[in-house]
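Student: Sequence below, structure please.
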Amino acid sequence: MTSTNAPVPVVQAPDGLPRSTVTVEIPNRASLISRVINPLLFATARASLETLSRAGQYGPVQDKRVFAVSSYTDAPAAALVAVTGTRRRPVLFDGFHGEWVWHRDTADPGMRTDSAILYFHGGGFVSCGLRTHRRIVSRVARASAMPVLNVAYRQLPQAHITDTIADGVAAYRYLLSRGFPGDRIIVAGDSAGGGLAFSVALAARDAGLPVPGGITAIAPWADLDPTAKYAHPNALLDPVIPIRGLDVITRWGYRIDGKLDPAWSPVNHDFTGLPPALILVGSTEVLLADAELLAARCAEAGVPCRLQIWDRQAHVFVAGADVLPEGRAAFREIGAFHQQVLNGAAVAYRGGLRRLFRRNAAA
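Tutor: Predicted coordinates for the structure are as follows:
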């Protein structure tokens, strides 16, 4: 792949704060297959979601049964099988469920307590589940050489965002109770689950629990308030997500008397004490706005953060790793970061990335 110096938004740390804690990395120019797929996604996925969002914005969405789509998306996704060599075991919680996912080359999580990944799926807090994300999670497990606890947390319309966060914390407490040390647990997720990963880490810290050892977020939805995203340059560029769709979810699912509590969004918190974070996002995604805000919070708190902005990659592009070279490279980056968290030392990244932009204290 060739490199590019195309301009992208850059996270600026506030004056007087340790900018060296945040590194912005721009992987190589998008592959040919990515450049072909994006217009197709815009004409299909984006157009469909835009139509549904308009109907939701002006239609009878006060009936929150419109959000009860999870059962219609997760069940058919059983066809998305895990990668070869994956092992699974169900885990039952009070009010929700999950499953252990690990590769046969690593030890059974029932026989080890040395390290684990706690994973939260995406889906806008209204859809998806264990089946839709089983292949992604199995790739994370294999790339990281760690078992993953994949969690199907409660969603709209049955649960508010506060209940969803509580489920995430309950799953984290489960790992701690099993003997997994907090600093050997990595909290991860994609899209809504990526924002949830930060919320759970913050809630664990505020509850006096051991903080996790790291956070990995893929295209995180971390700001429920859509205002900043409407003003972002990517508002018209995202090949998959219309901001109006996110707005409909928060307007009818979370707002109380028309108000949205800022505390429900992790970008509005002080990140002091949080562990190192890896954030991956596409350069044309509207959720780049949220990724930038998360990196800024890390900078303010002196939290080490790597923000990877992948050239013209669609939302949660890792899901297309079977055909996208960027998806496969991203999983290698994720696995390397997880091993770095566990080993406490730098590792050789296998993704073949060229660090084309770096902002640090000397900049």
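Student: so how far is Gly302 from Ala296?
Tutor: The gap separating Ala296 from Gly302 is 12 Å, by C-beta to C-beta, to the nearest Å. (Glycine included, C-beta is placed from N, CA and C.)
Student: How about Ile26?
Tutor: Distance check for Ile26 against Gly302: by C-beta to C-beta, it reads 23 Å.
Student: Look through every helix and strand of this protein and give the one with the lowest mean pLDDT.
Tutor: Of all the helices and strands that make up the chain, helix 70-74 has the lowest average by mean pLDDT, DSSP states H and E, namely a mean of 61.
Student: And the next helix or strand past that one?
Tutor: Towards the C-terminus, the helix or strand next in line after helix 70-74, according to DSSP states H and E, is strand 86-92.
Student: could you give the mean pLDDT of that following strand?
Tutor: Averaged over strand 86-92, pLDDT sits at 97.
Student: Also stretch 230-237?
Tutor: pLDDT averaged over stretch 230-237 equals 92, rounded to a whole number.
Student: chain center to it: distance?
Tutor: For stretch 230-237, the distance between its averaged C-alpha position and the chain's averaged C-alpha position is 20 Å (C-alpha atoms, centre = their mean, to the nearest Å).
Student: all numbers from here: first residue = 29
Tutor: All right, first residue 29 from here; so that's stretch 258-265.
Student: okay, how far is it across it, tip to tip?
Tutor: Between the opening and closing residues of stretch 258-265 lies a distance of 12 Å (C-alpha to C-alpha, to the nearest Å).
Student: how about the strands in the stretch 179-328 of the chain?
Tutor: Along the stretch 179-328 of the chain, counting by DSSP state E, counting those that start in this stretch, strands occupy 213-218, 242-246, 305-310.
Student: right, and those strands - which one's nearest His343?
Tutor: Distances from His343 to each of those were compared by C-beta to C-beta, and the smallest falls on strand 305-310, at 6.7 Å.
Student: Just the CA atoms of the closest one, as PDB, please.
Tutor: Output of strand 305-310 as PDB, limited to C-alpha atoms (Å, rounded to 0.1, in the frame of the first residue of the first chain):
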ATOM      1  CA  ALA A 305      -6.400   3.400  25.200                       C
ATOM      2  CA  LEU A 306      -6.400   2.400  21.600                       C
ATOM      3  CA  ILE A 307      -9.100   4.000  19.400                       C
ATOM      4  CA  LEU A 308      -9.600   3.000  15.700                       C
ATOM      5  CA  VAL A 309     -11.900   4.900  13.400                       C
ATOM      6  CA  GLY A 310     -12.300   5.600   9.700                       C
END
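Student: so it versus strand 242-246, what angle?
Tutor: Orientation note: strand 305-310 sits at an angle of 10 degrees relative to strand 242-246 (axes from the mean of the first three to the mean of the last three C-alpha atoms, to 10 degrees).
Student: Partner strands of strand 305-310, with direction?
Tutor: Looking at strand 305-310 with DSSP bridges, its partner strands are strand 242-246 (parallel), strand 333-338 (parallel).
Student: Out of these, which one sits most buried?
Tutor: Here the criterion is mean neighbour count by mean count of other C-beta atoms under 10 Å, and of those the winner is strand 242-246, at a mean of 29.
Student: got the angle for it vs strand 213-218?
Tutor: Using the same axes, to 10 degrees, strand 242-246 lies at 10 degrees relative to strand 213-218.
Student: Give me the contact list for strand 242-246.
Tutor: Taking C-beta atoms under 8 Å, 6 or more residues apart in numbering as the criterion, the residues outside strand 242-246 that touch it are 145, 150, 214-219, 222-223, 225-226, 229, 302-309, 319, 322, 344, 346, 358, 362, 365-366, 369.
Student: how does it look with 6 Å?
Tutor: Judged by C-beta atoms under 6 Å, 6 or more residues apart in numbering, the contacts made with strand 242-246 from elsewhere in the structure are 214-216, 218, 222, 225, 229, 303-308, 344, 346, 362, 369.
Student: Go through the strands paired with strand 305-310 and name the closest to Arg167.
Tutor: Closest approach to Arg167 among the strands paired with strand 305-310 is made by strand 242-246 (11.4 Å; C-beta to C-beta).
Student: pull the CA atoms of that closest one into CSV?
Tutor: What follows is the C-alpha trace of strand 242-246 in CSV, where atoms were taken according to Å, rounded to 0.1, in the frame of the first residue of the first chain:
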residue,chain,number,x,y,z
GLY,A,242,-6.5,-1.1,28.9
ILE,A,243,-9.3,0.1,26.7
THR,A,244,-9.8,-0.7,23.0
ALA,A,245,-12.6,1.1,21.1
ILE,A,246,-13.4,0.6,17.5
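Student: Please compute how far it lies from its chain's middle.
Tutor: In terms of C-alpha atoms, centre = their mean, the centre of strand 242-246 is found 6 Å from the chain centre.
Student: State the mean pLDDT of that strand.
Tutor: Here strand 242-246 scores 98 as its mean pLDDT.
Student: just to revisit the earlier point, could you provide the strands paired with strand 305-310 in TSV, with additional columns for distance to Leu158?
Tutor: Formatted as TSV, the strands paired with strand 305-310 follow (distance: least, C-beta to C-beta, whole Å):
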stretch	distance to Leu158
strand 242-246	17
strand 333-338	26
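Student: Quick one: closest of the ones you listed to Phe121.
Tutor: strand 242-246 (21.2 Å).
Student: Which one of Ile54 and Gly330 is surrounded by more residues?
Tutor: Neighbours were tallied for Ile54 and for Gly330 using other C-beta atoms under 10 Å; the higher tally belongs to Ile54 (24 against 18).
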